[in-house]
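Asker: sequence first, predicted coordinates after that:
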There are 2 protein chains.
Amino acid sequence: MNETRASDTRPVLPAGFKAAAVHAGIRARRTKMDLGLIVAPEAFAAAALFTTNRLNGAHVTVCRESLAKSKGRVRALLVNSGNANCSTGEEGLADARRVQRTLAEIVGCPAEEVLFMSTGVIGARLPVEKILDALPNLVAAAHEKGLGDFATAIMTTDLVPKVRTIAIEEKSGPAFRVTGVAKGSGMIHPNMATMLAYLLTDGPLPHDAHTALKRLADQSFHRLTVDGDTSPNDTVLLWSSRGPATSPTQEAACTSALVEVSQELCRLIAADGEGATRLVTVQVTGAPSEQAASHVARTIATSPLIKTAIHGRDPNWGRILAAAGRAGVEFDTDKARVWIGDADVYSSGKPHPENEQEAHLHLLQKHEVVIGVDLAAGSAAAEAWTCDFSADYVRINADYRS
Amino acid sequence: MNETRASDTRPVLPAGFKAAAVHAGIRARRTKMDLGLIVAPEAFAAAALFTTNRLNGAHVTVCRESLAKSKGRVRALLVNSGNANCSTGEEGLADARRVQRTLAEIVGCPAEEVLFMSTGVIGARLPVEKILDALPNLVAAAHEKGLGDFATAIMTTDLVPKVRTIAIEEKSGPAFRVTGVAKGSGMIHPNMATMLAYLLTDGPLPHDAHTALKRLADQSFHRLTVDGDTSPNDTVLLWSSRGPATSPTQEAACTSALVEVSQELCRLIAADGEGATRLVTVQVTGAPSEQAASHVARTIATSPLIKTAIHGRDPNWGRILAAAGRAGVEFDTDKARVWIGDADVYSSGKPHPENEQEAHLHLLQKHEVVIGVDLAAGSAAAEAWTCDFSADYVRINADYRS
């Protein structure tokens, strides 16, 4: 880090962005804001990733079309919680376009420069009139300090808002900030929640922003799991008020800050997983490739048996080794090593029962726990993030919706 | 079925097999039999499938070697519960070979004609002396009516023994029986349980028995999930006292009976899944291929969100459609149909809330529930089997081992 210095800072909007939120009446509880806006003085460059699910919320279809038409330029981002506008057919698409068009008129821009996204209950029509009624005041209220309200308005089953800012000082250019804001407490909750993440910066945008965003997601959001599902509304948006990077150093600095903020958002989402009592970081080292490491880490992070064992504070190395073993990556289990916290619990083909008490105490006493496997099959490494699996998860998700 | 007639019958050993079980002292509880034997008067043809997990219990290695050496001929099958002989290194392999050799001497056959398999706790050495001491009496006790004892001896966390017999009457040959016996209540429990399944017949063996067994597993055991994991000890053995089929009709009759028994064992295992209160059959129709149908069915059967919804008796069609949507198979969600029991809960891109009460009652009142998706993308179909996901599952698997 000769060229740049990154530091965590109080969450703020990067220069050029304003935000606001209101209770539009989509959700019943009047104290819960349910409509959030981020708006820019002109259309800025952006890139987005959407769910790979064949089932798409209306916003996925409309936002994809809009970004293609605007050539990736975005003036305003509107997000409602409480209703996913998914499985609502042609009417749902028309609803989404009507809200988009009306906001564009108020802001004064082409419709395609407005992105409107939805999260919440599936299969119900949006209360469009309530949203339209709320728009003029929402746009008027947008201000530089509106980030906290926006982060709260997009929450569904989340217990806490998720927002993080990193400030970057560069020798070769002006200082800038990268701010991430996200929601999600299960990867999929078609009737309640989905993952949305927004990365805003007044720093430079990587040149091929879409490729950079995919790479970034591979290093962050694609390594996050709460319950192994992917939602029909999942969206990640990267939006910069500065424009493309002008040097490789700048590009590297921005990319590194974006990855750091994204990984931090993943940790916040995992820690807020439904019913979670532990944030779990899964480390995989000694892999033949980063892709293989990531795959093994995600396989471990998705195993209900490992997640329940962690909930029981059980240093169950056998389940960790067995999950690594079924991930489809070649390695020799007799050379592998498994650790929990600082305790080696398995190596050279044998367990170490003498270290299990230390591992148990790590699981018992730490809120953020670490489990890891060295595959002894290369030099690549990756992390994945998840939470433990509690009886509360079952209760939350078994509740009959009515 | 012009040529053959199949009928369910009281579980029995096919002609040529004898069985017995004892309490050898591997498990602490004296009332629990923990060592089971099936023995034949001569070595009969067999084929086996073993776990794809990189972590292998000792029996997987030794049985693979033995079947290669004996050219797939088996005289005796010995199974212990209470100890998986997994992650026990070279000593574990030596233990397995010592038991195998001793049993071969008592029976009077080459060592490689004996298969010795283990299921239970991982990482602990087998109590070899206790097993050796029990062998002479076990062999002496083997008799034609020993199937029930064998089925009980191989249980670990299973609540019920799992055994099924189908009797086949052929016009073109003598009548025969196919008997399946299995254990398992989670796909993986490295410290408690694994899946073992044995298919015995006095009918003809399919010509390429190994290929037939793989195909059969694709239609049965590979469509079964309790928690989405695969174990280091999973084994399926097909063993016939008659030898190869002599006509395509015979082969078809035998294969069909084997598939039926295997699917029934899957249903028994799913119904006995840890913490389960419902047996869930997932039907997928309208798929571009059987492989695609099976993949979508398994994706649905593995989703914790669907399994918790079923536990909550919630007719949550959105979770079913979203799981199908992320399975990686091409289809148009606007043409798909979702049903629960006899109630259509989603079709033509829209939910049917008017049918949800009927679907809810199906989940509430039936022990065996059916959920299904038609993809409208072809004519292939497949089923998968699982159980609901209860807070008891978490309790069972979160319990600290000590």
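Answerer: Cool, the structure landed. Bear in mind that the values here come from a model prediction, so they are computed numbers and not experimental data. Numbers count the residues shown, from 1 in each chain, chains lettered A, B, ... in the order given.
Asker: other SSEs contacting the helix or strand bottoming out on mean pLDDT in chain A?
Answerer: When the helices and strands of chain A are scored by mean pLDDT, DSSP states H and E, strand A:4-9 comes last with a mean of 72. Packing partners of strand A:4-9 (3 or more CB pairs under 8 Å, 6 or more residues apart in numbering or on different chains; DSSP states H and E): strand A:162-170, helix A:248-271. For glycine as for every other residue, the C-beta is placed from the backbone atoms N, C-alpha and C.
Asker: right, and the helix or strand after the first one?
Answerer: Per DSSP states H and E, the first helix or strand lying C-terminal to strand A:162-170 is strand A:176-189.
Asker: please apply the same query to the longest one.
Answerer: Heading C-terminal from helix A:248-271, the first helix or strand you meet, by DSSP H and E, is strand A:279-287.
Asker: write out the residues of the stretch 1-150 of chain A neighbouring chain B.
Answerer: Residues of the stretch 1-150 of chain A found near chain B, taking CB under 8 Å from any CB of the partner chain as the criterion, are A:52, A:53, A:54, A:55, A:56, A:86, A:87, A:88, A:89, A:122, A:123.
Asker: and those residues, which are buried?
Answerer: A:53, A:54, A:55, A:56, A:86, A:87, A:88, A:122, A:123 (16 or more other CB atoms under 10 Å in any protein chain shown).
Asker: so which of the residues you listed is the closest to residue A:182?
Answerer: Residue A:182 has its nearest neighbour among those in residue A:53, at 18.1 Å by CB to CB.
Asker: residues contacting that closest one?
Answerer: A:230, A:231, A:232, A:234, B:322, B:325, B:326 (CB atoms under 8 Å, 6 or more residues apart in numbering or on different chains).
Asker: just residue A:340 next, same as before
Answerer: Residue A:340 touches A:315, A:317, A:320, A:359, A:362, A:363, A:369, A:370, A:371, A:372, counting by CB under 8 Å, 6+ apart.
Asker: picking up where we left off before, taking the contacts of residue A:53 together, which two end up most distant?
Answerer: A:234 and B:325 (11.5 Å).
Asker: higher neighbour count, the two?
Answerer: residue B:325 (26 against 23; other CB atoms under 10 Å in any protein chain shown).
Asker: OK, contacts around that one?
Answerer: Residue B:325 touches A:53, A:54, A:55, A:232, B:333, counting by CB under 8 Å, 6+ apart.
Asker: wait, which of the residues you listed is closest to residue A:129?
Answerer: For the contacts of residue B:325, the residue nearest residue A:129 by CB to CB is residue A:232; the value is 24.6 Å.
Asker: so which helix or strand takes in that closest one?
Answerer: Applying DSSP H and E, one finds residue A:232 in no helix or strand.
Asker: what residue of chain A is the furthest out?
Answerer: In chain A, the residue that sits farthest from the middle, by CA atoms, centre = their mean, is residue A:354; the gap is 38.5 Å.
Asker: ok but that one is inside a helix, no?
Answerer: Yes - counting by DSSP: H, G, I helix; E, B strand; the rest coil, residue A:354 is found in a helix.
Asker: what sits against it?
Answerer: Applying CB under 8 Å, 6+ apart, no residues qualify as near residue A:354.
Asker: surely residue A:96 meets residue A:58?
Answerer: Yes - counting by CB atoms under 8 Å, residue A:96 does reach residue A:58; the two are 4.4 Å apart.
Asker: good, wrapping up.
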